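Colleague: Got a predicted model here, sequence first, then my questions.
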Amino acid sequence: MLRPFEAVPFDQLPDRPRLPHGFARTRRYDHRLKSAHFGDHDVRIHELGSGPPLLLVHGLMTTAYSFRYVFEPLAEHFRVVAPDLPGAGASEKPDVDYSARHMAEWIYELCRSLGILGAACIGNSMGGYVCMRAALAHPDAFRCLVNEHSPGVPELRLHALHGVLGIPGSLRLLSALVQRNPERFVHRNVHYFDESLKSREEARVYAEPLRSEAGRRAFHRHLAHTMSPSGMREFVDELEVRRDAGRGFGVPLQLIYARRDPMVPPRIGKELAALLPGANLIWLEEGSHFAHIDRPQAFLSAVLPFLLEHGA
């Protein structure tokens, strides 16, 4: 039996996941979005269920596929809508700036275009961060928001990463590292509490956009632009102003953080909770940055009561 976060060598990965999932049963289609910043482009949408809308927003270097173990349970209560973010998955990869401000505006434009403004929302990692920014900029964006282990507070390592990515030639260097074997690159940089859940299927899905020049460029810009520490400083400043003015976040907010996540320090959850006194902070004793994958029952037990109370 594997220890928590004990890696499985890439060559030993099974072709299919150890646990089956129902992602293939989602309805998939391309939605043409007219965006003020990203231009006209196709967005891949995955949808399942009926009822009040629930938007699922994935994180960095993943796709809507990351929600494969919670799609069906959530679809018993909601019409679940999960896009691939611009630059990720099967969505187009416009050659523009990918700042968190622009990504947040994109989320709002997508909701408006799909007719789901005021949906409940779950955002994971980078997706949670940009959804929080969308909610601050547009109070009508969501009915409620679950933020699962997002960044958002500028850290020393983010400053270091931003400095490296700003060096001329950094895109070429990143592309060279990724191009050697995109599937192995993905495998090395996604970490689960239970690594036996990884598969070649997952590696293929996440690696696919990294096979193209446009996909690698967009990945570089997600790292350099969306995850910019200066953008996070603006975000924290806004939260501090709202907290000190007694304004709160604006919509019901649940923060979910795993105590042992190696990807985003769990202390970020504490810092965001201190900036958002009205938020409900839930700790998962086991699980990773992707608790919806490696601890789906614990994740669902945490989010469903909140979503059914505020999102239905």
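Modeller: It's in.
Colleague: hey, let's count contacts and neighbours off CA atoms from now on
Modeller: Noted.
Colleague: which residues are contacting the helix or strand containing Glu271?
Modeller: Glu271 belongs to helix 267-275 when assigned by DSSP states H and E. Outside helix 267-275, the residues that touch it by CA atoms under 8 Å, 6 or more residues apart in numbering are 149, 151-153, 236, 239-240, 243, 255-257, 279-281.
Colleague: Could you dump those into JSON lines and include distance to Phe5?
Modeller: Formatted as JSON lines, the contacts of helix 267-275 follow (distance: CA to CA, whole Å):
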{"residue": "His149", "distance to Phe5": "17"}
{"residue": "Pro151", "distance to Phe5": "20"}
{"residue": "Gly152", "distance to Phe5": "24"}
{"residue": "Val153", "distance to Phe5": "24"}
{"residue": "Val236", "distance to Phe5": "30"}
{"residue": "Leu239", "distance to Phe5": "33"}
{"residue": "Glu240", "distance to Phe5": "35"}
{"residue": "Arg243", "distance to Phe5": "36"}
{"residue": "Leu255", "distance to Phe5": "22"}
{"residue": "Ile256", "distance to Phe5": "19"}
{"residue": "Tyr257", "distance to Phe5": "16"}
{"residue": "Ala279", "distance to Phe5": "29"}
{"residue": "Asn280", "distance to Phe5": "27"}
{"residue": "Leu281", "distance to Phe5": "23"}
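Colleague: quick one: which of those sit in helices?
Modeller: Per DSSP state H, helices hold the following members of the contacts of helix 267-275: 236, 239-240, 243.
Colleague: so which of the residues you listed is the most crowded?
Modeller: For the ones in helices among the contacts of helix 267-275, the largest number of neighbours (other CA atoms under 10 Å) sits with Leu239, at 20 neighbours.
Colleague: how close does the closest residue to it other than its chain neighbours get to Ser35?
Modeller: In this structure, Leu239 finds its nearest non-sequential neighbour in Leu275, 6.0 Å apart by CA to CA, 6 or more residues apart in numbering. With distances taken as CA to CA, to the nearest Å, Leu275 is found 31 Å from Ser35.
Colleague: Between those two, point out the one with more neighbours.
Modeller: For Leu275 versus Ser35, neighbours defined as other CA under 10 Å are more numerous around Leu275 (21 against 17).
Colleague: ok, now how distant is the more buried one from Glu240?
Modeller: Note on Leu275: its distance to Glu240, by CA to CA, is 6 Å.
Colleague: so what sits against both of those two?
Modeller: Shared contacts of Leu275 and Glu240 (CA under 8 Å, 6+ apart): none.
Colleague: how about the helices of the stretch 101-250 of the chain, start to end?
Modeller: 126-137, 156-165, 170-179, 182-189, 200-207, 213-221, 229-244 (DSSP state H, counting those that start in this stretch).
Colleague: now these in TSV, with distance to Gln297?
Modeller: Formatted as TSV, the helices of the stretch 101-250 of the chain follow (distance: least, CA to CA, whole Å):
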stretch	distance to Gln297
helix 126-137	20
helix 156-165	32
helix 170-179	33
helix 182-189	24
helix 200-207	20
helix 213-221	31
helix 229-244	31
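Colleague: Mind jotting down where the strands sit in the stretch 51-200 of the chain?
Modeller: Along the stretch 51-200 of the chain, the segments classed as strands by DSSP state E, counting those that start in this stretch run 53-57, 79-83, 119-124, 142-148.
Colleague: Any chance of those in TSV with distance to Ala134 as columns?
Modeller: Formatted as TSV, the strands of the stretch 51-200 of the chain follow (distance: least, CA to CA, whole Å):
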stretch	distance to Ala134
strand 53-57	12
strand 79-83	15
strand 119-124	11
strand 142-148	9
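Colleague: Out of those strands, which is closest to Leu110?
Modeller: Minimum separation from Leu110 across those (CA to CA) falls at strand 79-83, 9.0 Å.
Colleague: wait, doesn't Pro139 sit right on Val251?
Modeller: Yes. Assessed by CA atoms under 8 Å, Pro139 is found in contact with Val251 at 7.4 Å.
Colleague: which of these two has more neighbours?
Modeller: The neighbour comparison of Pro139 against Val251 (other CA under 10 Å) goes to Val251, with 18 against 13.
Colleague: Verify the contact between that one and His138 for me.
Modeller: No. Judged on CA under 8 Å, Val251 makes no contact with His138 at a distance of 10.5 Å.
Colleague: Which residues are in contact with the residue nearest the centre of the chain?
Modeller: What sits nearest the mean C-alpha location of the chain, by CA atoms, centre = their mean, is Gly59, with 2.3 Å. Contacts for Gly59 (CA under 8 Å, 6+ apart) come out as 123-128.
Colleague: Just send the residues you listed back as a markdown table, with distance to Gly89 too.
Modeller: Shown next, in a markdown table, are the contacts of Gly59 (distance: CA to CA, whole Å):
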| residue | distance to Gly89 |
| --- | --- |
| Gly123 | 16 |
| Asn124 | 15 |
| Ser125 | 16 |
| Met126 | 15 |
| Gly127 | 14 |
| Gly128 | 17 |
